[in-house]
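In: Would you be able to build a 3D model of this:
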Amino acid sequence: MAVRIRLTRQGTHKRPFYRIVAADSRMPRDGRFLDILGTYDPLHNPAVIQFDAAKVKEWMAKGATASDTAKQLIKKSGILKETAETA
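Out: So this is what the prediction gives:
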């Protein structure tokens, strides 16, 4: 099973709110996930990014790969800077 760290869309029409989750890569975008790692709210100025750093490190140690967007958010928040650049 290939695990990806990616975003799932929440919120209402034209009011997006995202959860950063660890999910099986075969599942749909808003489908089943394994663990919630954080949130991303792009509507605030500046955007609000919250992570559970311990969970992110745990999933990355288990071999999870981050999507491009999730990788940028992890890098921006300062968690796993060196891993986010190489992964």
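
In: Name the SS class of the most centrally placed residue in the chain, please.
Out: By C-alpha atoms, centre = their mean, the chain has its centre lying nearest to residue 20, at 3.1 Å. Under the three-state scheme (DSSP: H, G, I helix; E, B strand; the rest coil), residue 20 adopts strand.

In: Tell me the confidence at the residue of the chain positioned farthest from its centre?
Out: Residue farthest from the centre of the chain, counting by C-alpha atoms, centre = their mean, is residue 13 at 21.1 Å. You'll see residue 13 listed with a pLDDT of 95.

In: ok so, going back, where does the closest residue to the residue nearest to the centre of the chain other than its chain neighbours fall, secondary structure wise?
Out: Leaving out its chain neighbours, the residue that sits closest to residue 20 by C-beta to C-beta, 6 or more residues apart in numbering is residue 38, at 4.3 Å. (Glycine included, C-beta is placed from N, CA and C.) Following DSSP states H and E, the helix or strand that holds residue 38 is strand 35-41.

In: quick check: mean pLDDT across that strand?
Out: 95.

In: and the helix or strand just after that strand, how far out from the chain's middle?
Out: Using DSSP H and E, the helix or strand that follows strand 35-41 towards the C-terminus is strand 48-51. A distance of 10 Å separates the centroid of the chain from that of strand 48-51, by C-alpha atoms, centre = their mean, to the nearest Å.
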